[in-house]
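**Student:** Have a look at this fold, sequence not included:
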């Protein structure tokens, strides 16, 4: 089977790399060709447009930033819809809104074409290990066509009867990611200002029912001051905004979302847009007047925590 990947950012590039490693023929497209060069060196074929990818592939994966980018690669000049065969499937793995997913599915259906919305949970590491989680929403036959490709980089697929339900699931998970990061930062800062090592707090969390792998990985990354992006601040802010819009449609209260979103807005304003979403903790550090580090108590005096002037 030949698979196409449109959008070669952190996630799309890793998906294409994993598909090549597992024996697929892969055709790729990106707005800038330079991102495709390492994949071309590994055997991927370059296409000059999304339409050219669609013309050559049985499953066409798009994974781009937002609904506007999905619209461009799908319906723009030389877009996917114009060239997709009746037997091929466009599988969009971007994080968009439920309303946009419904629109995409309806538009493809009216054109007699196949479409699946399949957002994912996990990052580059999980893709390359083949342990990504996939939420596939669409017609059963179309999901069946996509699943062998998904299995190259995932170990669990949840199926939903409609595209918008898959997207709703993804946004629910991403809200949890944001709330967990803010909650972790809050507790680490509270502990640190009370004279407790944040590393000790992480150790306690890891050995209790409160433990989650994210707390360990992101907590240690914060203490090491490593904010290299696996998932950008700006992308998580976009998802929090999409969730708010969707919640208004269903009259759902999101009491935590407003505060969390404001902290991510502040992270953007303070220049952290292209850092990992864990950089939201830096906003909270500035408010608290303390910086979380592994050696935080190397400068401890008289039982008082070492503080930095931010």
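**Tutor:** Nice, I can see it. The structure presented is a predicted model; accordingly, all values stated were derived computationally and were not measured. Residues are numbered from 1 along each chain as shown.
**Student:** And the chain, what are its domain boundaries?
**Tutor:** Split into domains by automatic domain parsing, the chain comes to 2-161, 168-299.
**Student:** Rebuild these as CSV, extending it with mean pLDDT and mean neighbour count.
**Tutor:** Every residue, glycine included, has its C-beta placed from N, CA and C. What follows is the domains of the chain, written out as CSV (pLDDT from 0 to 100; neighbours: other Cβ atoms under 10 Å):
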stretch, mean pLDDT, mean neighbour count
domain 2-161, 97, 20
domain 168-299, 95, 17
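**Student:** helices or strands up against the helix or strand harbouring residue 145?
**Tutor:** Using DSSP states H and E, residue 145 falls within helix 140-150. Helix 140-150 sits against strand 59-62, strand 89-92, strand 114-117, strand 132-137, strand 154-160, with contacts defined as 3 or more Cβ pairs under 8 Å, 6 or more residues apart in numbering; DSSP states H and E.
**Student:** List of residues touching stretch 100-108?
**Tutor:** Applying Cβ atoms under 8 Å, 6 or more residues apart in numbering, the contact partners of stretch 100-108 are 67, 70, 74-75, 81, 90, 92, 96, 114-115, 117, 137-138, 162-164, 166-167.
**Student:** before we move on, back to that, turn the helices and strands packed on helix 140-150 into TSV, columns for distance to residue 108.
**Tutor:** Below are the helices and strands packed on helix 140-150 laid out as TSV (distance: least, Cβ to Cβ, whole Å):
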stretch	distance to residue 108
strand 59-62	11
strand 89-92	7
strand 114-117	4
strand 132-137	13
strand 154-160	16
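**Student:** For residue 282, find the nearest of these.
**Tutor:** strand 132-137 (28.1 Å; Cβ to Cβ).
**Student:** can you list contacts of that closest one?
**Tutor:** So strand 132-137 is contacted by 93, 101, 116-122, 126, 143, 146-147, 150, 153-167, 169-170 (Cβ under 8 Å, 6+ apart).
**Student:** That strand to strand 154-160, inter-axis angle?
**Tutor:** 20 degrees (axes from the mean of the first three to the mean of the last three Cα atoms, to 10 degrees).
**Student:** Show me how far strand 132-137 is from its chain's centre.
**Tutor:** Averaging C-alpha positions (Cα atoms, centre = their mean, to the nearest Å) puts strand 132-137 12 Å from its chain's average.
**Student:** Check stretch 92-107 too.
**Tutor:** 16 Å.
**Student:** any idea how far the closest residue to residue 66 other than its chain neighbours is from residue 94?
**Tutor:** Leaving aside its chain neighbours, residue 66 sits nearest to residue 238 (5.9 Å; criterion: Cβ to Cβ, 6 or more residues apart in numbering). For residue 238, the distance to residue 94 (Cβ to Cβ, to the nearest Å) stands at 10 Å.
**Student:** intersection of neighbour lists for the two?
**Tutor:** With Cβ under 8 Å, 6+ apart, residue 238 and residue 94 have common neighbours 65-66.
**Student:** Please name the residues that touch residue 246.
**Tutor:** Applying Cβ under 8 Å, 6+ apart, we find residue 246 in contact with 97-99, 168, 171, 252.
**Student:** check which helix or strand covers it.
**Tutor:** Element membership for residue 246, per DSSP H and E: helix 233-249.
**Student:** which residues touch whichever helix or strand comes after that helix?
**Tutor:** Next along the chain after helix 233-249, taking DSSP H and E as the criterion, comes helix 255-269. Helix 255-269 has contacts (Cβ under 8 Å, 6+ apart) with 175, 178-179, 182, 233-234, 236-237, 240-241, 243-244, 247, 273, 275, 277, 279-280, 282-284.
**Student:** to the chain's geometric centre, what's the distance from helix 255-269?
**Tutor:** 17 Å.
**Student:** got the angle for that helix vs helix 233-249?
**Tutor:** With the same axes, to 10 degrees defining the directions, helix 255-269 sits at 150 degrees from helix 233-249.
**Student:** Closest to the centroid, which residue in this protein?
**Tutor:** Nearest to the geometric centre of the chain sits residue 231, at 5.8 Å (Cα atoms, centre = their mean).
**Student:** give me every residue that touches that one.
**Tutor:** 10, 123, 177, 276-277.
**Student:** Closest one to residue 291 out of those, please.
**Tutor:** residue 276 (16.4 Å).
**Student:** Tell me the spacing between the closest one and residue 130.
**Tutor:** 23 Å.
**Student:** ditto for residue 17
**Tutor:** Distance from residue 17 to residue 130, by Cβ to Cβ: 12 Å.
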